[in-house]
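In: everything below, folded, please.
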Amino acid sequence: MGLSKTSEKICQPTCPNMIGATGEPLYIDHRWTSSRHLPSTFIARLDGDPLPWVSLHHADRVVCSAFCQPRFIMNLKEQIELAVAQSFERLGVTDSPPVVKQAQRREFGHYQVNGVMGAAKTAKTNPRELATKVTEALDLPMAAKLEVAGPGFVNVHLDATSIAEQLDLLGNDVSLPSPEPRHFAVDYSAPNLMKEMHIGHLRTNAIGDSIVRVLEAVGHQVTRVNHVGDWGAQFGSLLAYLDQLHTTEISTELKDLEVFYQSASKLFKSDEAFAERARGYVVRLQSGDEQCMKLWRQFIEESIQHCQEVYKRLDISLTREDIHAESAYNDDLPIVVAELEQQGLIEESDGALCVFLDEFTGKEGNPLPAIVRKSDGGFPYMATDLAAVRYRAEKLRADTVLYVVGAPQQLHLKQVFAVAQAAGYLTDQEFRHLPFGSIMKSDGKPFKTRDGAEVKLIDVIDEAVARAHQLVKEKNPDLSEEKHRTIAEIVGVGAMKYAELSKNRGTDYIFDWDILLSFEGNTAPYLQYAYTRIQSIFRKAGVTPGDLRGKITLREPAELDLGVKLLQFPEAIETALEDYQMNILCNYLYELSGQFMSFYEHCHILKQTDQGIQQSRLRLAAMTANTLQQGLGFLGIKTVDRM
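Out: Numbers count the residues shown, from 1 in each chain. Down below sits the predicted model:
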């Protein structure tokens, strides 16, 4: 057992099984590394016969698919792309990407090659004729049928045996993409510690946390950043109010930060003496007055505790160690201004220090200032955010920094990034704003209480769990009250997060209790229930999913379609990460559940008398359950075995 003499050794394999029968190490054939579409893909070969495709990004992560459990098998789309690229090369077509997409309708196969149209234009030939030549030159054993459609599309129908083999290679694992590892810093949540989190914070928390979970799962290094608002002039009235309370009153008052904030604000507006005292507290706080700092720390500690309680209920992975608050940059603010002055970027305008960049103008075409120091000597958010960029680029040394912040901050963050670029803080790093819309009531108005106040996030969680508790009791009254409460917490919180994540993050959406808690349609309860139904199949069959070892065979169309959908999980992850849109992952999980239901209706499992077929179908069920559980886990949503 050996390789062709033309093979080039790239490393001493770390896998002990990558040794030939005669003792020589298996090498990697570089034959297709010239493909510009897949520059990091190699093909391992034994005696000239290709093994299943293996995507290698680093020499120390070589995997021998012939002998070991695979971790980096190319997904179906990549396999077709590579085969089409090779077909183009054989036909002398250059500089044209394959452009492979999943077929939108089943009668068009499983995948569609759309790149022939562009290739034909480049080669100045008839696209349908070129499509015919491509199918003839295409070396794609996993295709059962290739057909030319329309003006020059190629429909790819996948072969059941090949799909079954790829599923068998996975064993009980779930296939994930393996991108080049990068260091991400993700800024999300960032509550204002003067107040409790409101329902609007559901968006940044759910979106940001799902992004970091997925990034970590595919091998990236992720630094969570919770840029909490713990500084500023507004704290003057809070500290002045806190200081006038008796010790016995403080703990009671701070139990409800919203009421505390409203009480202090009301007093600031109605009592001039209090307002003057509050302004004095701002000066004392900024100068580091010991008594003031003690009161400030007391308030911040209580507020952080409130935040952590919400994170725990929502299963948000942020911890205290992830907090890098506004106040952490206080000492850096004068340095940032001095560095901007050294770069010749600072101009004075009405006593304030500003940066004017040509690309930012107001409504009438006047230059729009980025104020880095106010006329009173104070530092606005622009200065703090510039200091944060400087820290994340130079100290954290993050390759990519994502800001999961509401859409109203788009202009501000554009200015921040542009000024940071002009100042030289950014070189080749990517700093990107991921904006999101608002949560609306069913009447299309912002989600607020009757008196116009923000709805507390913790109150929404409580209501979601209470409503879920009632639904769970109706569905399964025989469970204990403890079980009802545990399941209700998982279903209620999951419903809230999924309602958020299943929408395009850039759009507003209506928060509707009846829809988000429904057991039908694209909802978390529907997906969680699909998972429990599969667990019920295992209980009735008397099997443990992890012990299933039967060979997968795909005889029926519903089996093949489910198998293909399972292998498309890494494609869903990759597509979701292209623009950090988790609704793509949600849609995949919903489609997978629907595909499983179709499979379950058409392919008997428990009543199947052929042991081999039953084992195969049980394995498909187990892989579906694993994929649902892992996919929901990426969204921060738990599953339950019984509902």
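In: where do the helices sit along the stretch 451-600 of the chain?
Out: Under the criterion DSSP state H, counting those that start in this stretch, the stretch 451-600 of the chain carries helices at the ranges 457-475, 481-501, 513-516, 524-541, 557-567, 569-578, 583-602.
In: how many neighbouring residues does Lys445 have?
Out: 9 (other C-beta atoms under 10 Å). Backbone N, C-alpha and C define where each C-beta goes, glycine included.
In: if we can go back for a sec, next, format the helices of the stretch 451-600 of the chain as TSV and append mean pLDDT and mean neighbour count.
Out: Formatted as TSV, the helices of the stretch 451-600 of the chain follow (pLDDT from 0 to 100; neighbours: other C-beta atoms under 10 Å):
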stretch	mean pLDDT	mean neighbour count
helix 457-475	94	17
helix 481-501	96	21
helix 513-516	90	16
helix 524-541	96	19
helix 557-567	97	21
helix 569-578	97	19
helix 583-602	97	19
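In: which one of the ones you listed lies nearest to Gln102?
Out: helix 569-578 (7.4 Å; C-beta to C-beta).
In: so after the helix or strand where Ala164 lies, what's the next helix or strand?
Out: Counting by DSSP states H and E, the element that carries Ala164 is helix 160-170. Scanning forward in sequence from helix 160-170 by DSSP H and E, the next helix or strand is strand 183-187.
In: could you check the angle the helix or strand just after that next one makes with helix 569-578?
Out: Under the assignment DSSP H and E, the closest C-terminal helix or strand after strand 183-187 is helix 201-217. Here the directions of helix 201-217 and helix 569-578 differ by 130 degrees (axes from the mean of the first three to the mean of the last three C-alpha atoms, to 10 degrees).
In: packing partners of helix 201-217?
Out: Packing contacts for helix 201-217, counted by 3 or more C-beta pairs under 8 Å, 6 or more residues apart in numbering; DSSP states H and E, involve strand 183-187, strand 221-225, helix 290-314, helix 457-475, helix 481-501, helix 569-578, helix 611-634.
In: averaged pLDDT, that helix. What do you get?
Out: Over the span of helix 201-217, the pLDDT mean works out to 97.
In: mind putting the helices and strands packed on helix 201-217 in a markdown table, distance to Gln429 included?
Out: Output for these, formatted as a markdown table (distance: least, C-beta to C-beta, whole Å):
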| stretch | distance to Gln429 |
| --- | --- |
| strand 183-187 | 10 |
| strand 221-225 | 13 |
| helix 290-314 | 28 |
| helix 457-475 | 32 |
| helix 481-501 | 27 |
| helix 569-578 | 18 |
| helix 611-634 | 25 |
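In: out of the ones you listed, which is closest to Gly377?
Out: helix 290-314 (17.9 Å).
In: so which bits of the helix or strand just after that closest one are buried?
Out: Downstream of helix 290-314, the first helix or strand assigned by DSSP H and E is helix 333-342. Across helix 333-342, burial judged by 16 or more other C-beta atoms under 10 Å covers Leu333, Val336, Val337, Glu339, Leu340.
In: check stretch 539-549 too.
Out: Ala541, Val543, Pro545, Leu548.
In: distance of Asp168 relative to Gln286?
Out: Asp168 is 66 Å from Gln286, where distance means C-beta to C-beta, to the nearest Å.
In: so what's the gap between stretch 222-230 and the chain middle?
Out: Stretch 222-230 sits 17 Å away from the centroid of its parent chain (C-alpha atoms, centre = their mean, to the nearest Å).
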